[in-house]
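Undergrad: pasted the sequence and its predicted model underneath.
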Amino acid sequence: MTETPLIGSLASGAPRAELSGARIGVVTFPGTLDDRDAARAVRLSGATAVELWHADTELADVDAVVIPGGFSYGDYLRAGAISRFAPLMTRIVDAANSDAKLPVLGICNGFQILTEAHLLPGSMIKNDHLKFLCRDQVLRVENNTTAWTNAYAAGQEITVPLKNQDGQYIADEKTLDALEAEGRVAFRYVGMNPNGSRRDIAGITNAAGNVVGLMPHPEHAIEHGYGPDHTGTDGLGFFTSVLNTLLGGK
């Protein structure tokens, strides 16, 4: 009988000393569900997780930002539409577009918020089958040169959980063609398209590669024994990728 490891006991080893000063902000909106999971992923990667509240007006000197999943403001208007106007989002947009190019990761509802804030193109609508879906999802890494994907190999297939009801990524054909031509499709669904997203797109990046959004949840695949199939840690690479980027910048 194989003994199930303790939570975190096999996850990432001892944090590297040079990462001890890396500060990754995790934003919480009313209705956010996965902020603590994202913060745990940050800590397991070796960095310091910094709590950020949507009404904050400063970024607390963080080196990168994660906008996690959930149902911000209950998705009452449109997923991510109200959060886009939060005071902290103004700071995040400015920092992401600045010369410093703050790394920003949007997961699920966070991806929706990034499209509403126009940090990423396109939009998210309800799944084509009009049902909430929760499953382990295989993704193919299409672009491994971004701040959040450089720990992966191009073409690598990873498995992370997916859970959404507004997960269908849409954009006009001109935008989709541009994303393809510029290599800005970061992830694509493999095996099945769970929500009808155009061209099987699961995640995209901005032109600079510092902003990435995806619908599935890498923060739920970071520990041996507790990820997909009870063995998956495929999601941890997102968080080690941004640390690679920060170390390179330093």
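TA: Nice, I can see it. Numbers count the residues shown, from 1 in each chain.
Undergrad: mean confidence for stretch 135-150?
TA: On average, the pLDDT along stretch 135-150 is 97.
Undergrad: what's the longest helix along the chain packed up against?
TA: In the chain, assigned by DSSP state H, the helix with the most residues is helix 236-249. Applying 3 or more CB pairs under 8 Å, 6 or more residues apart in numbering; DSSP states H and E, we find helix 236-249 packed against helix 35-45, strand 64-67. Every residue, glycine included, has its C-beta placed from N, CA and C.
Undergrad: which other residues reach that helix?
TA: Applying CB atoms under 8 Å, 6 or more residues apart in numbering, the external contacts of helix 236-249 come out as 11-12, 18-19, 22, 24, 41-42, 44-47, 63-64, 103, 105, 146-152, 158, 218-219, 221-222.
Undergrad: which ones are touching the residue sitting nearest the centre point of the chain?
TA: Nearest to the centroid of the C-alpha atoms of the chain, with distances taken as CA atoms, centre = their mean, sits Ile107, at 3.5 Å. Listed by CB under 8 Å, 6+ apart, the contact partners of Ile107 are Asp34, Ala38, Val66, Ile67, Pro68, Gly69, Gly213, Leu214, Pro216, His217, Pro218, Glu219.
Undergrad: who does it bridge with?
TA: Beta-bridge partners of Ile107, counted by DSSP bridges, are Leu214.
Undergrad: again with Tyr169
TA: Per DSSP bridges, the residues bridged to Tyr169 are Met124.
Undergrad: hang on, the earlier thing: run the chain-centre distance for the longest helix of the chain.
TA: The chain centre lies 13 Å from the centre of helix 236-249; the measure is CA atoms, centre = their mean, to the nearest Å.
Undergrad: name the residues of it that come out as buried.
TA: For helix 236-249, the neighbour count (16 or more other CB atoms under 10 Å) marks Leu236, Gly237, Phe238, Phe239, Thr240, Ser241, Val242, Leu243, Thr245, Leu246 as buried.
Undergrad: same check, this time on stretch 125-144
TA: Going by 16+ other CB under 10 Å, stretch 125-144 has these buried residues: Ile125, Lys126, Asn127, Asp136, Gln137, Val138, Leu139, Arg140, Val141, Glu142, Asn143, Asn144.
Undergrad: which pair in these spans the largest distance?
TA: Spanning the widest gap among the buried residues of stretch 125-144 are Lys126 and Asn144, at 30.4 Å by CB to CB.
Undergrad: for this structure, just list every one of the helices.
TA: With DSSP H as the criterion, the chain has helices spanning 35-45, 87-97, 109-116, 173-181, 236-249.
Undergrad: tell me the most buried of those helices?
TA: helix 109-116 (a mean of 28; mean count of other CB atoms under 10 Å).
Undergrad: now that one: average pLDDT?
TA: The pLDDT scores in helix 109-116 average 97.
Undergrad: same check on stretch 222-234?
TA: The model assigns stretch 222-234 a mean pLDDT of 87.
Undergrad: stretch 44-58 too?
TA: 96.
Undergrad: span of it from start to end?
TA: 25 Å (CA to CA, to the nearest Å).
Undergrad: equivalent analysis for stretch 141-155, please.
TA: 5 Å.
Undergrad: stretch 44-54 too?
TA: Start-to-end span of stretch 44-54 (CA to CA) is 24 Å.
Undergrad: which parts of this structure are strands?
TA: Ranges of strands in the chain, per DSSP state E, are 23-28, 48-53, 64-67, 104-107, 123-125, 133-141, 157-164, 168-170, 185-190, 201-205, 211-214.
Undergrad: let's have those strands in a markdown table, adding distance to Ile82.
TA: Converted to a markdown table, those look like this (distance: least, CB to CB, whole Å):
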| stretch | distance to Ile82 |
| --- | --- |
| strand 23-28 | 14 |
| strand 48-53 | 15 |
| strand 64-67 | 14 |
| strand 104-107 | 15 |
| strand 123-125 | 14 |
| strand 133-141 | 24 |
| strand 157-164 | 18 |
| strand 168-170 | 20 |
| strand 185-190 | 26 |
| strand 201-205 | 22 |
| strand 211-214 | 17 |
